[in-house]
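S.K.: Mind looking at a prediction? Sequence and model below.
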Amino acid sequence: MELNLERPLLFFDIESTGLSITTDCIAELCFVQVMPGGEQRIKTWRMKPWDYVLGKQHPIHPAASAVNGLTDDMLADCPRFQDLVDEILPYLKDSDLAGFNSAKFDLPLLAEEFERVRHYLGRDIDIDLHGKKMVDVQTIYHTMEPRNLRSAYRFYCGGEDFENAHTAEADTVATYEVLKGQLDKYPEALKNDVQFLSSFGGRPKTIDYAGRLAIGENGEAVITFGKHKGKTAREVWNTEPSYFAWISQGDFTMDTKRQFELLSQQFVQERKAIRKAEAAKPLEGKAFDDAADLLIRHFGGK
């Protein structure tokens, strides 16, 4: 079954230097952009992982290299993520997103790379990944047939393994084929609609990819960890604003830090708006009488 799309759906996969979103980097990135009507655009980048603090190539962990086959020498002459931003962004601008287990790792790491460029290089990155629909094919698969990508490909795509597993391009193309197979197999359970597929499986509604902030009642941001777990960010900002400074200096992903910063900016603007509204109110009662007396004393008989 071909996908029923109103806008492009961008399948993507990342091969990385390791499994830490906070400290590891993208080494290979593949996009398979499926357009309404079925046309496909495939683009793969290999890139030199970059340590912005030390100003040098970030090494690949041996365990990661054993899985993806990438080595430091293979990537030494590749462009860095920061050099490729202007090529990567156009694919993301008007697309919804899809991947295999991408909501938990690939998407947060992609967001982290953008935040590094924003933070360390001062670039204005005009993209909001949080505002996009995200179809995680693994979530559908594990809900319907709990296993992994290779098993999913065998199950939905004819019983054979796909070639070059654990290369970004092969995994991304396989993920696209698996989603189409899922739609064929579960026509009663699944709708051929990105909005439905992106919410399938009931993933928790988090504000940052690390899940430190969740969306609570009335759309309020709620802190999900530590001493303020269960409190709204607004409540903590009002009672302990230094907590937000602690987050900005702590061992958190840059995406988490940015979401706390955006909330702080929102609360500051709200407080300014309240003060401005209060200042514009007409004086009443005793306050009005006191102001009148002050004016009379000041101007006297002038």
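M.R.: On my side now, so go ahead.

S.K.: Surely residue 29 is within a strand?
M.R.: Yes: Residue 29 forms part of a strand when assessed by DSSP: H, G, I helix; E, B strand; the rest coil.

S.K.: How about it: which residues does it bridge to?
M.R.: Judged by DSSP bridges, the bridge partners of residue 29 are residue 14, residue 45.

S.K.: now it: how far from residue 94?
M.R.: 18 Å (CB to CB, to the nearest Å). Glycine gets a C-beta too; all of them are placed from N, C-alpha and C.

S.K.: what about those two, which has more around it?
M.R.: residue 29 (26 against 11; other CB atoms under 10 Å).

S.K.: ok, the more buried one to residue 97 distance?
M.R.: When residue 29 is compared with residue 97 (using CB to CB), they lie 13 Å apart.

S.K.: Which neighbours do these two have in common?
M.R.: Taking CB atoms under 8 Å, 6 or more residues apart in numbering as the criterion, residue 29 and residue 97 both touch residue 12.

S.K.: Contacts only, for the closest residue to residue 211 other than its chain neighbours.
M.R.: Spatial nearest neighbour of residue 211, excluding adjacent residues (CB to CB, 6 or more residues apart in numbering): residue 224 at 6.1 Å. The contact partners of residue 224, taken as CB under 8 Å, 6+ apart, are 206, 211-214, 230.

S.K.: Report the buried members of the residues you listed.
M.R.: Among those, those buried by neighbour count (16 or more other CB atoms under 10 Å) are 206, 212-214.

S.K.: Which single one of those residues is nearest to residue 56?
M.R.: residue 212 (29.3 Å; CB to CB).

S.K.: The closest one reaches residue 221, doesn't it?
M.R.: No: applying CB atoms under 8 Å as the test, residue 212 and residue 221 come out as separate, 9.9 Å apart.

S.K.: which neighbours do these two share?
M.R.: The contact lists of residue 212 and residue 221 share residue 259, where a contact means CB under 8 Å, 6+ apart.

S.K.: which stretches of this protein have low pLDDT?
M.R.: Across the chain, the ranges flagged by pLDDT under 70 are 146, 203-204, 282-302.

S.K.: let's go with 90 and repeat that
M.R.: Residue ranges of the chain with pLDDT under 90: 1, 63, 101, 103-104, 139, 141-167, 199-205, 216-219, 274-302.

S.K.: Domain ranges for it, per the record?
M.R.: Taking automatic domain parsing as the domain assignment, the ranges for the chain are 9-199, 205-302.

S.K.: Out of those domains, which one sits most buried?
M.R.: domain 9-199 (a mean of 17; mean count of other CB atoms under 10 Å).
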